[in-house]
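# Got a predicted structure plus its sequence, pasted below:
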Amino acid sequence: MSWWRCILAVALLCCGWAAHADDKPQKHFFWKVTGDKGTVYLLGTIHVGRPDFYPLPPVVEESFKKSSMLVLEVDPSDKDDLKAAATYIARTGVYPFGDAIGNHLSELTRARFAQYAGMNHLDGKLIAHLRPWAARFFIGQSEAKQMGLKGGLGIDDHFYKEATAMNKPVAGLESMVDHYRLFAEFPDEMQDELLLLTVVDAKNEAEKMTELFDTWKSGDMDALEKLLRAPQQEYPFLKPLMVKMLDDRNDKMVEKIEGVLKTPKTYFIAVGAGHMVGERGLIAQLRAQHFKIEQM
């Protein structure tokens, strides 16, 4: 899980919750949004975790229990979407027989990629046939495992399990295929640059994830946005990726949240914390629509 992927997923290092030193109420990446009819509890999530991350703050769990439906980025219970995603990966994430990733990389990226794979004892036969975007996901899983982080312990999965146990309906804002397509459709040159950045930055992952977590845990939106946008200064080619991964998706998410707020129900919506911040973040866009918003 490289630095850029860590930022975009806000897959942050997990530890326990603590109160502020001055005993002021702790603010979280958690908001209550009130419309004319409906209410949305909006949680910025962490996609991977460890056992010591739990229990979550009571205000989050209590708000979830009061909600009539859980809405995630994608619906894990949608078997058709899962099947379509697997088909998409098999069709677009692997080179045809006789071809390999090394034939499509620049000399520098090919060398660094081979070095990384050797040092981390990755399955050479498997990873050699993955396209760059799929290889990055494979590396991300490997890095997360080395740091003791698991998707099954992420906040999204935590609430999905709770919703299932409570027979609470679950829905998704997007499809899993859409997630993969975002990466698969980037130009070859950007695929090459992203893979290079992935393997070069891997050694600094743990330190930077800890920095991100501390910022996220404080509930400081401005500080998290600064961290999210900082890599663009060093790597300008990341800008279009950020626009597609955050800004464009935020616009579509806001439309759906606005629709939910027109219904007389209470929804619990949990999406990556990176979607909350910035001028085109969910909070700023919902505030511009004059909804009542309270950070909790």
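Looks like it came in fine. Every value quoted in this text rests on a predicted model; they were computed, and no experiment measured them. Residues are numbered from 1 along each chain as shown.
# In PDB, list the C-alpha atoms belonging to stretch 243-257.
Extracted C-alpha coordinates of stretch 243-257, given in PDB (Å, rounded to 0.1, in the frame of the first residue of the first chain):
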ATOM      1  CA  VAL A 243      -9.900  14.700  -9.300                       C
ATOM      2  CA  LYS A 244     -11.200  11.400 -10.400                       C
ATOM      3  CA  MET A 245     -10.800   9.500  -7.100                       C
ATOM      4  CA  LEU A 246     -12.200  12.300  -4.900                       C
ATOM      5  CA  ASP A 247     -13.800  15.300  -6.500                       C
ATOM      6  CA  ASP A 248     -15.700  13.700  -9.400                       C
ATOM      7  CA  ARG A 249     -17.000  11.000  -7.100                       C
ATOM      8  CA  ASN A 250     -17.900  13.500  -4.400                       C
ATOM      9  CA  ASP A 251     -20.200  15.300  -6.900                       C
ATOM     10  CA  LYS A 252     -22.200  12.100  -7.600                       C
ATOM     11  CA  MET A 253     -22.300  11.100  -3.900                       C
ATOM     12  CA  VAL A 254     -23.700  14.500  -2.900                       C
ATOM     13  CA  GLU A 255     -26.600  14.100  -5.400                       C
ATOM     14  CA  LYS A 256     -27.500  10.800  -3.800                       C
ATOM     15  CA  ILE A 257     -27.200  12.200  -0.200                       C
END
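# Ile101 versus the closest residue to Phe183 other than its chain neighbours, what's the distance?
Using C-beta to C-beta, 6 or more residues apart in numbering and skipping the chain neighbours, the partner closest in space to Phe183 is Trp133 (4.0 Å). Where you see a C-beta, it was placed from the backbone N, CA and C, and this is true even at glycine. Counting by C-beta to C-beta, to the nearest Å, the separation of Trp133 from Ile101 is 11 Å.
# for the helix or strand where Lys65 lies, packing partners?
Using DSSP states H and E, Lys65 sits within helix 58-66. Packed against helix 58-66 by the contact rule (3 or more C-beta pairs under 8 Å, 6 or more residues apart in numbering; DSSP states H and E) you find strand 30-34, strand 39-45, strand 266-272.
# That one versus strand 266-272: what angle between them?
Angle between the axes of helix 58-66 and strand 266-272 is 130 degrees (criterion: axes from the mean of the first three to the mean of the last three C-alpha atoms, to 10 degrees).
# Just the angle for helix 58-66 relative to strand 39-45, thanks.
Taking the same axes, to 10 degrees, helix 58-66 and strand 39-45 form an angle of 130 degrees between their directions.
# got the CA coordinates for helix 58-66 in PDB?
Extracted in PDB, the C-alpha atoms of helix 58-66 (Å, rounded to 0.1, in the frame of the first residue of the first chain):
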ATOM      1  CA  PRO A  58     -20.100   5.700  21.600                       C
ATOM      2  CA  VAL A  59     -21.600   8.700  19.700                       C
ATOM      3  CA  VAL A  60     -20.800   6.800  16.400                       C
ATOM      4  CA  GLU A  61     -22.200   3.500  17.500                       C
ATOM      5  CA  GLU A  62     -25.300   5.000  19.100                       C
ATOM      6  CA  SER A  63     -26.000   7.000  15.900                       C
ATOM      7  CA  PHE A  64     -25.700   3.900  13.900                       C
ATOM      8  CA  LYS A  65     -28.300   2.100  16.000                       C
ATOM      9  CA  LYS A  66     -30.700   4.900  15.600                       C
END
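# Now do that helix: distance to the chain's middle.
22 Å (C-alpha atoms, centre = their mean, to the nearest Å).
# After it, heading C-terminal, what element do we hit next?
Using DSSP H and E, the next helix or strand after helix 58-66 towards the C-terminus is strand 69-72.
# so for that following strand, what's the average pLDDT?
Averaged over strand 69-72, pLDDT sits at 98.
# do stretch 182-192 as well
Rounded mean pLDDT across stretch 182-192 is 91.
# Any regions of the stretch 151-296 of the chain where pLDDT drops low?
206 (pLDDT under 70).
# residue ranges of the helices in it, please?
155-165, 176-184, 188-201, 205-217, 221-229, 231-234, 239-242, 248-260, 282-288 (DSSP state H, counting those that start in this stretch).
# so can I have CSV of the ones you listed showing distance to Pro55?
Below are the helices of the stretch 151-296 of the chain laid out as CSV (distance: least, C-beta to C-beta, whole Å):
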stretch, distance to Pro55
helix 155-165, 10
helix 176-184, 28
helix 188-201, 32
helix 205-217, 15
helix 221-229, 23
helix 231-234, 33
helix 239-242, 33
helix 248-260, 27
helix 282-288, 25
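# Kindly tell me how buried the residue lying closest to Ala128 once chain neighbours are set aside is, as a neighbour count.
The shortest distance from Ala128 to any non-neighbouring residue, by C-beta to C-beta, 6+ apart, is to Ala100 (4.9 Å). Ala100: 13 surrounding residues under other C-beta atoms under 10 Å.
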